[in-house]
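[1] With the sequence up front, the predicted model follows.
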There are 2 protein chains.
Amino acid sequence: MERFGTVAIAGVGLIGGSIGLALRRKGLADRVIGLGRDASRLDEAKGLGAIDCGTTDPARAVAEAEVIVVCTPTDRIATDIKSLAAVAPEHVLITDAGSAKRRIVEAVEGDIRAREVFVGAHPLAGSERRGAVAARADLLDGRVCALTPTGRTPADRIEAARRFWTGLGCRIVVLDPDDHDAALARTSHLPHVVAAALASSVPEHCLELAAGAYRDGTRVVASDADLWVAIFRENAVHLLESVAEFEAALGRFRDAIASDDPETLRSLWVTARERRRSFEDGPPA
Amino acid sequence: MERFGTVAIAGVGLIGGSIGLALRRKGLADRVIGLGRDASRLDEAKGLGAIDCGTTDPARAVAEAEVIVVCTPTDRIATDIKSLAAVAPEHVLITDAGSAKRRIVEAVEGDIRAREVFVGAHPLAGSERRGAVAARADLLDGRVCALTPTGRTPADRIEAARRFWTGLGCRIVVLDPDDHDAALARTSHLPHVVAAALASSVPEHCLELAAGAYRDGTRVVASDADLWVAIFRENAVHLLESVAEFEAALGRFRDAIASDDPETLRSLWVTARERRRSFEDGPPA
């Protein structure tokens, strides 16, 4: 089994905390160090078993790190990677868990030191809950983790990133950062925007007559505002494309309802249901 | 405890089957008779314990009924109510489980016999699964059941309907049929259209990178096509209004993303989250 020496986790929230729990429960690391800006949150993460110890000092956190995982909010990740690379051991692997990748990868590739050690990653796992208190050792089990190296990424760092995320239970998909962002705009960021628009378009006085369809369709709106605003901004171009595609799909339903066209409505519904079934069935083995 | 004599259930699918299971498990009826067009489905419902016996003969099914619950597809309900009223005992209660009410109530009120015994109802419970095989005795427990009597509905039938649905575990909300349809367009029918548009707007090749937000946002699309096409047509006017309201809400998000306006995005997200929280918290006690 893979085993890493010291792993530093920058940002011990839901994802960082879950990675820490998994590393420690699976015995994948000699030591898990949490890095954060708030000492009380680090104490909490330690109490929950997500880290062996915590510090607010970046240089101390990464001094002996074999792997650094940056799990801070999307709009802070690139800056954190660059500043941690400057104080980390030469042969460190730095990876992250950001939901949008192109801007992060571009920013890191502009940094002569950071680009030698960084492999962008996005484990497709989450929850509308936040903080280490919501972390779970099995959060990443069986989930896809997208890796987004570029032609400049050293092959041994790609291999190390693959081993790290595989060790955590993920299934690896390698793709271009911009292709990742185009896909995630559609599969994740758009569904969040749609859920929020749906939640707010139903008037308060009607909520007593809401049930499962509203509940499921809006679940992700319980997520943190700042986290999602940062993702929407980071991936604005692809997200706007996906919103336009969704508006066109909705327009087809609207027109078929307006023209009382049951055959078209039925066909649109069946197409949607089959698309969802493809998702449930997963990729061909 | 309330107890009814013979209860006939027309249409023993998910809802009808769940009503039958609940009536029998709670000992609310002397006898539960299933009425359907397909004898093998009635046998299945009997095997599952949802009915005491089944028949494809409407007159036999309702000959001794104290209560008839019509759980057939939305576009067949009014016709079924009228034809069953013609052969049922004089003091029967006929109620239904249709998701849209105005057209049904108007059609029934045009029938001199049926309008004397009918109280429109809509228990807010369901599932993307269908058929008696998916029925559950607790499906209606704690759910809202909307009753939609009019000024012409006899008071003793309203009272009987209230007792029937309350016995099944529902919390009663009484409202005008058209008000019901306006609310349900927003709380249920719109979320179904949005889920279908979302499901189909995500390209097949991106699905490997889809996760919880897509799964939850599209869950209801697994539902039956004919059932939902009928509901969309039945409630087209209100549904189109609600689609327009949703498009406006989505447009506000789109514009804030396009103009890279984090304050507006944050405020839109927080409003959506609070609306959803109102739903989760339920009405004030």
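    Nice, I can see it. Numbers count the residues shown, from 1 in each chain, chains lettered A, B, ... in the order given.

[2] going forward, measure contacts between C-alpha atoms and count neighbours the same way
    Fine.

[3] Got phi/psi on the nearest residue to A:Asp96 once chain neighbours are set aside?
    Among residues not flanking A:Asp96 along the chain, A:Val70 sits closest, at 4.4 Å (Cα to Cα, 6 or more residues apart in numbering or on different chains). Torsion angles at A:Val70 (phi, psi; degrees, to the nearest 10) stand at phi -100, psi 110.

[4] Give me the neighbour count for A:Val70.
    A:Val70: 28 surrounding residues under other Cα atoms under 10 Å in any protein chain shown.

[5] For it, list the residues it contacts.
    Contact partners of A:Val70, counting by Cα atoms under 8 Å, 6 or more residues apart in numbering or on different chains, are A:9-11, A:16, A:77, A:80-81, A:94-97.

[6] Name the nearest of the residues you listed relative to A:Val144.
    Distance to A:Val144, by Cα to Cα, is smallest for A:Ala97 among the contacts of A:Val70, at 12.0 Å.

[7] Show the contacting residues for the closest one.
    Going by Cα under 8 Å, 6+ apart, the list of residues near A:Ala97 reads A:15, A:69-71, A:120-123.

[8] Is it possible to get those residues out as TSV so that each row also shows pLDDT and distance to B:Ala244?
    Listed next are those as TSV, based on pLDDT from 0 to 100; distance: Cα to Cα, whole Å:
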residue	pLDDT	distance to B:Ala244
A:Ile15	95	37
A:Val69	98	44
A:Val70	98	41
A:Cys71	97	39
A:Gly120	98	40
A:Ala121	98	38
A:His122	97	35
A:Pro123	96	36
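
[9] Identify the farthest-apart pair in those.
    Taking Cα to Cα as the measure, the contacts of A:Ala97 span a maximum distance of 15.1 Å, between A:Ile15 and A:Gly120.

[10] Show me which residues of the stretch 1-150 of chain A sit near chain B.
    Where proximity means Cα under 8 Å from any Cα of the partner chain, the interface of the stretch 1-150 of chain A facing chain B comprises A:124-127, A:144.

[11] what's the pLDDT at the nearest residue to A:Pro154 once chain neighbours are set aside?
    Closest residue in space to A:Pro154, ignoring its immediate chain neighbours: A:Glu116 at 6.5 Å, by Cα to Cα, 6+ apart. Per-residue confidence (pLDDT) for A:Glu116: 97.

[12] do the same with A:Pro284
    At A:Pro284, the model reports a pLDDT of 60.

[13] give me the beta-bridge partners of A:Ala146?
    A:His122, A:Val173 (DSSP bridges).

[14] pretty sure it contacts A:Pro177?
    No. A:Ala146 sits out of contact with A:Pro177 when judged by Cα atoms under 8 Å, with a separation of 9.3 Å.

[15] more crowded one of those two?
    Per other Cα under 10 Å, whichever of A:Ala146 and A:Pro177 has more neighbours is A:Ala146, with 26 against 22.

[16] now the residues of the stretch 1-150 of chain A next to chain B in CSV, with pLDDT?
    Putting the residues of the stretch 1-150 of chain A next to chain B into CSV (pLDDT from 0 to 100) gives the following:
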residue, pLDDT
A:Leu124, 95
A:Ala125, 89
A:Gly126, 78
A:Ser127, 77
A:Val144, 96
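
[17] Among these, which one sits closest to B:Ala244?
    The nearest member of the residues of the stretch 1-150 of chain A next to chain B to B:Ala244, counting by Cα to Cα, is A:Ser127 at 29.9 Å.

[18] how far away is the closest one from A:Ser223?
    Distance of A:Ser127 to A:Ser223, computed by Cα to Cα, to the nearest Å: 8 Å.

[19] Please apply the same query to A:Thr95.
    24 Å.

[20] who has more neighbours, the two?
    Remark: of A:Thr95 and A:Ser223, A:Thr95 carries more neighbours, 27 against 18, as counted by other Cα under 10 Å.
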